[in-house]
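*Asks:* model the following, please.
(chains A and B)
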There are 2 protein chains.
Amino acid sequence: MIPKSHPRAVSLYIREKLVGGFREGLVVEEGLLAHGRGEMFDYLLGEKTSKVSHEAIRAAAWEMVHAKYPVISVNGNFAALCPKEIVKLSEVTGAKIEVNLFYASEKRKKAIANELKRHGAKEILGVDSKFATRIPKLDSARRIVDKRGIFSADVVLVPLEDGDRTIALKKFGKNVITFDLNPMSRTAQTADITIVDNVIRGMPILIDVCRKISGKKISKKKFDNKKNLAKSIQTIKENLRRMSNA
Amino acid sequence: MIPKSHPRAVSLYIREKLVGGFREGLVVEEGLLAHGRGEMFDYLLGEKTSKVSHEAIRAAAWEMVHAKYPVISVNGNFAALCPKEIVKLSEVTGAKIEVNLFYASEKRKKAIANELKRHGAKEILGVDSKFATRIPKLDSARRIVDKRGIFSADVVLVPLEDGDRTIALKKFGKNVITFDLNPMSRTAQTADITIVDNVIRGMPILIDVCRKISGKKISKKKFDNKKNLAKSIQTIKENLRRMSNA
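*Replies:* Presented below is the predicted three-dimensional model:
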């Protein structure tokens, strides 16, 4: 048990979720390392959803609600951190859910699919090899996607994603939305919309905004991802300045 | 196998070492997360040993060579990343090696001790409960040290250490040297000398400097840890500026 008084209680609570996911076979070792990197960026960002991230979330919600065929790509960390929210977002936007792993294994895919089903998911793509196909410009193991999922999607939400894969999805013509706590990462810089926020905080907000705007006539607002990212980098710089003067 | 051409090859290679250590029972899940946080700082520091870190290494080498009773505190991550260098540093400086864990377990202590022995260590402290004693001002599980080791030391090298423990060691009158990639961490800010560098790069340099100065009459140079840390924070800020303009 983590004492609520601990200065890092929220961060430790999130970490526990991930370590739990690791023990249940959803998360791989590399996922724990990746989360550690994310934690540090979250710390540098002040561990809150900034105005800048809210802007990105609104842009992302518009795209997801107005997509013809939106798909949510789920990896081990994402499933361990917010399984309930993945299912809810899928319900609100009509997006398909596809399990898509960097370190693929049938066993892990099944564990993730089961976790999502336990939280109410009806259909999970990416687990039946009958529908497996490839996206070009990516090496063998990582290019597999589901014909009925990412392959056919116009808008793809790929949180916590590897840079190579994000670039390949862009080149394949997808409208890519991501969550990434590192605003300088290749994924963050390549995606069309990057939400620089912890999925734990950002996903409930994204669901909420999608719910509010769906069915309503709301015109698309201009969104400049590079400018948005630059503002997050600015936030980190300001926090560093504050921390180093403390 | 990691392709040498990968833009993150060195970082991935280090990560593999740590994941290997995890699979062999040296490293715990939390250690993988902690390494992820370190990786991110290393990335922000430009993944090289700065002039500033060289200064800290020289100051650390002087203290270790001139200590009456130096001790190297080893945890799972440190043992997984540079077992050979730990043994070499101990040989060059006459420092004792003590296994000292944040998440203690007899099994893990033994795995770490064996790994160090496999790399030539003759004596490993911290594994025989007969010699266990306590340092004050720290909660039960974490205050255990070896009578013949940290308890009796004048200079302690405690890389990748927890803030509470570093503070307790300082209060107990130890001259504390650490490696920490986060120049703002409590450990970094509390230690007498903080080497803001990856142990993979910094340890061979530390060994080298110790070897060069041992046996020679070299007077102690002034070293201001807070100023040194401020310079590393400055480096991060400059790199962030560069990255955000790229």
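*Asks:* okay, the angle between the host helix or strand of A:His35 and helix B:29-44?
*Replies:* Here A:His35, judged by DSSP states H and E, is contained in helix A:29-44. Calculated by axes from the mean of the first three to the mean of the last three C-alpha atoms, to 10 degrees, helix A:29-44 forms an angle of 60 degrees with helix B:29-44.
*Asks:* state the distance from A:Asn239 to A:Val74.
*Replies:* Counting by C-beta to C-beta, to the nearest Å, the separation of A:Asn239 from A:Val74 is 30 Å. For glycine as for every other residue, the C-beta is placed from the backbone atoms N, C-alpha and C.
*Asks:* compare these two (neighbour count), which wins?
*Replies:* When A:Asn239 and A:Val74 are compared for neighbours, A:Val74 comes out ahead with 31 against 15, by other C-beta atoms under 10 Å in any protein chain shown.
*Asks:* who touches that one in this structure?
*Replies:* Neighbour list for A:Val74: A:86, A:97-100, A:112, A:116, A:126 [criterion: C-beta atoms under 8 Å, 6 or more residues apart in numbering or on different chains].
*Asks:* same thing with A:Arg142?
*Replies:* A:102, A:104, A:162, A:164-165.
*Asks:* once you drop chain neighbours, what's closest to the closest residue to chain B within chain A?
*Replies:* In chain A, the residue that lies nearest chain B is A:Gly36 (2.0 Å; C-beta to the nearest C-beta). Nearest residue to A:Gly36 in three dimensions, chain neighbours excluded: B:Gly36, at 2.0 Å (C-beta to C-beta, 6 or more residues apart in numbering or on different chains).
*Asks:* ditto for A:Ile14
*Replies:* Closest residue to A:Ile14 apart from its sequence neighbours, by C-beta to C-beta, 6+ apart: A:Ile200 at 5.6 Å.
*Asks:* quick one: the one you found and A:Leu81 touch, right?
*Replies:* Yes: look at A:Ile200 against A:Leu81 with C-beta atoms under 8 Å: they come within range, at 5.8 Å.
*Asks:* and A:Asp180, how many residues sit next to it?
*Replies:* Residues contacting A:Asp180 under the criterion other C-beta under 10 Å number 28.
*Asks:* now it. Nearest residue, chain neighbours left out?
*Replies:* In this structure, A:Asp180 finds its nearest non-sequential neighbour in A:Ala188, 4.3 Å apart by C-beta to C-beta, 6+ apart.
*Asks:* tabulate the CA atom coordinates of the longest helix seen in chain A in PDB.
*Replies:* Secondary structure of chain A per DSSP state H: the longest helix is helix A:225-245. The C-alpha coordinates for helix A:225-245 follow below in PDB (Å, rounded to 0.1, in the frame of the first residue of the first chain):
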ATOM      1  CA  ASN A 225       0.900  20.100 -33.800                       C
ATOM      2  CA  LYS A 226       4.500  21.400 -34.000                       C
ATOM      3  CA  LYS A 227       3.400  24.600 -32.300                       C
ATOM      4  CA  ASN A 228       1.500  22.700 -29.700                       C
ATOM      5  CA  LEU A 229       4.600  20.500 -29.000                       C
ATOM      6  CA  ALA A 230       6.800  23.600 -28.800                       C
ATOM      7  CA  LYS A 231       4.600  24.900 -26.000                       C
ATOM      8  CA  SER A 232       5.000  21.700 -24.100                       C
ATOM      9  CA  ILE A 233       8.700  21.900 -24.400                       C
ATOM     10  CA  GLN A 234       8.500  25.400 -23.200                       C
ATOM     11  CA  THR A 235       6.600  24.200 -20.100                       C
ATOM     12  CA  ILE A 236       9.400  21.700 -19.400                       C
ATOM     13  CA  LYS A 237      12.000  24.400 -19.700                       C
ATOM     14  CA  GLU A 238      10.000  26.700 -17.300                       C
ATOM     15  CA  ASN A 239       9.700  23.800 -14.800                       C
ATOM     16  CA  LEU A 240      13.400  23.000 -15.000                       C
ATOM     17  CA  ARG A 241      14.200  26.700 -14.300                       C
ATOM     18  CA  ARG A 242      11.900  26.600 -11.300                       C
ATOM     19  CA  MET A 243      13.300  23.300 -10.000                       C
ATOM     20  CA  SER A 244      16.900  24.400 -10.400                       C
ATOM     21  CA  ASN A 245      16.200  27.700  -8.500                       C
END
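*Asks:* run through who's touching it.
*Replies:* Applying C-beta under 8 Å, 6+ apart, the contact partners of helix A:225-245 are A:41, A:44-46, A:50, A:52-53, A:55-56, A:183-184, A:188-189, A:191-194, A:196, B:184, B:230, B:233-234, B:236-237, B:240-241, B:243-244.
*Asks:* off-centre distance for it?
*Replies:* Helix A:225-245 sits 21 Å away from the centroid of its parent chain (C-alpha atoms, centre = their mean, to the nearest Å).
*Asks:* next, the angle from it to helix A:29-44.
*Replies:* Put simply, helix A:225-245 runs at 70 degrees to helix A:29-44, going by the same axes, to 10 degrees.
*Asks:* for chain A, what lies in contact range of chain B?
*Replies:* Residues of chain A that fall close to chain B, judged by C-beta under 8 Å from any C-beta of the partner chain: A:15, A:18-19, A:22, A:29-30, A:32-41, A:182, A:184, A:230, A:233-234, A:236-237, A:240-241, A:243-244.
*Asks:* try 7 Å
*Replies:* Contact residues, chain A versus chain B (C-beta under 7 Å from any C-beta of the partner chain): A:15, A:19, A:22, A:29-30, A:32-37, A:39-41, A:184, A:230, A:233, A:236-237, A:240, A:243-244.
*Asks:* those, buried ones only, as a PyMOL selection?
*Replies:* Entered in PyMOL, the line below selects the buried ones among the residues of chain A next to chain B, by 16 or more other C-beta atoms under 10 Å in any protein chain shown:
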select buried, chain A and resi 15+19+22+29+30+32+33+34+35+36+37+39+40+41+184+233+236+237+240+244
